[in-house]
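Enquirer: With the input below, show me the fold.
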Amino acid sequence: LIEIIENDSSLSAYPKVKEPLNLLKEMVEDDLENLRISEDEDAKVGHKSADSSFFGYKTHLAMTEERIITAATITTGEKSDGKELQTLIEKSKDAGINVETVIGDAAYSEKANIEYSRDHNIQLVSKLHPSITQGYRKKEDEFHFNKDAGMYVCKAGHMAIRKGRQGKKGVGANQVDTYYFNIEKCKHCPFQEGCYKPG
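Expert: From the prediction side, this is the model:
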């Protein structure tokens with residue numbers, strides 16, 4: 001696609017096309033370089049934000065109010081932070097920390113963590129995870145929310161390509177976020193049964 005636009009002088013001459021094109025080329029070159037220099041087959045692509053990714057691993061930390069690290073885990077880049085909460089709490093307890101309150105972001109408020117916190121008498125302070133506010137699928141069909149990218153990821157590992165809002169603006173709970181996936185990937189996905197409908 002980059003080469004097609006570059007070869008079309010009627011398009012590539014415009015600054016509004018040329019500048020984003022150069023940025024895109026740099027991003028692609030950086031990603032290819034990162035993939036070339038990494039020989040680690042276990043490393044995965046994760047997301048810092050909706051339009052910024054990285055290749056490698058994530059470090060998940062638990063710390064006290066005084067900012068003393070009490071536990072750490074390392075996962076591949078695409079893993080959700082929320083799945084690490086219970087491990088971080090158990091490691092902190094093993095280190096002699098009395099865990100009464102956990103303050104975290106939306107990734108930590110998934111259903112399993114809310115139940116774990118209740119069962120272990122821990123106060124969990126967190127913005128609600130979108131899967132709590134927008135419902136669930138069966139465990140085997142569950143889509144995971146990648147909080148860094150602000151998008152859902154299907155069980156095949158494909159991330160939504162955009163988010164849209166449906167409903168009338170400003171009318172209570174009428175608005176609903178809808179996540180859109182690359183339909184070409186869905187058409188050929190081995191997990192499409194019960195998920196993808198033609199048309």
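
Enquirer: Please make it C-alpha for all contacts and neighbour counts, starting now.
Expert: OK.

Enquirer: pLDDT below threshold where in this structure?
Expert: Counting by pLDDT under 70, the chain has low-confidence residues at 1, 12, 33-39, 49-51, 129-142, 167-175.

Enquirer: Try it again at 90.
Expert: 1-60, 75-83, 104-112, 126-199 (pLDDT under 90).

Enquirer: what ranges do the helices span in it?
Expert: 2-7, 9-12, 15-37, 85-94, 111-119, 130-134, 183-187 (DSSP state H).

Enquirer: which of the ones you listed sits most buried?
Expert: helix 85-94 (a mean of 17; mean count of other C-alpha atoms under 10 Å).

Enquirer: who does that helix touch, helix- and strand-wise?
Expert: The criterion is 3 or more C-alpha pairs under 8 Å, 6 or more residues apart in numbering; DSSP states H and E, and the helices and strands that helix 85-94 contacts are strand 52-63, strand 69-76, helix 111-119.

Enquirer: still on that earlier bit, will you turn the helices of the chain into CSV that also has distance to residue 101?
Expert: Putting the helices of the chain into CSV (distance: least, C-alpha to C-alpha, whole Å) gives the following:
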stretch, distance to residue 101
helix 2-7, 50
helix 9-12, 55
helix 15-37, 39
helix 85-94, 10
helix 111-119, 9
helix 130-134, 20
helix 183-187, 41
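
Enquirer: Run through the bridge partners of the residue minimising distance to the centre of the chain.
Expert: In the chain, the residue lying closest to the centroid (C-alpha atoms, centre = their mean) is residue 146, at 1.7 Å. Beta-bridge partners for residue 146, by DSSP bridges, are residue 151.

Enquirer: Contacts only, for it.
Expert: The contact partners of residue 146, taken as C-alpha atoms under 8 Å, 6 or more residues apart in numbering, are 47, 80, 107, 152-153.

Enquirer: Which among those count as buried?
Expert: 47, 80, 107, 152-153 (16 or more other C-alpha atoms under 10 Å).

Enquirer: Residue 5 contacts residue 11, correct?
Expert: Yes. The criterion here is C-alpha atoms under 8 Å, and residue 5 meets it with residue 11 at 6.4 Å.

Enquirer: right, and the helices of the chain - which one's nearest residue 76?
Expert: helix 15-37 (14.4 Å; C-alpha to C-alpha).

Enquirer: the inter-axis angle of the closest one versus strand 52-63?
Expert: In terms of direction (axes from the mean of the first three to the mean of the last three C-alpha atoms, to 10 degrees), helix 15-37 departs from strand 52-63 by 60 degrees.

Enquirer: which residues sit against helix 15-37?
Expert: Looking at helix 15-37 with C-alpha under 8 Å, 6+ apart, the contacting residues turn out to be 2, 11-12, 54-55.

Enquirer: For residue 103, state which of those residues is nearest.
Expert: Closest to residue 103, out of all of the contacts of helix 15-37 and judged by C-alpha to C-alpha, is residue 54, at 25.7 Å.
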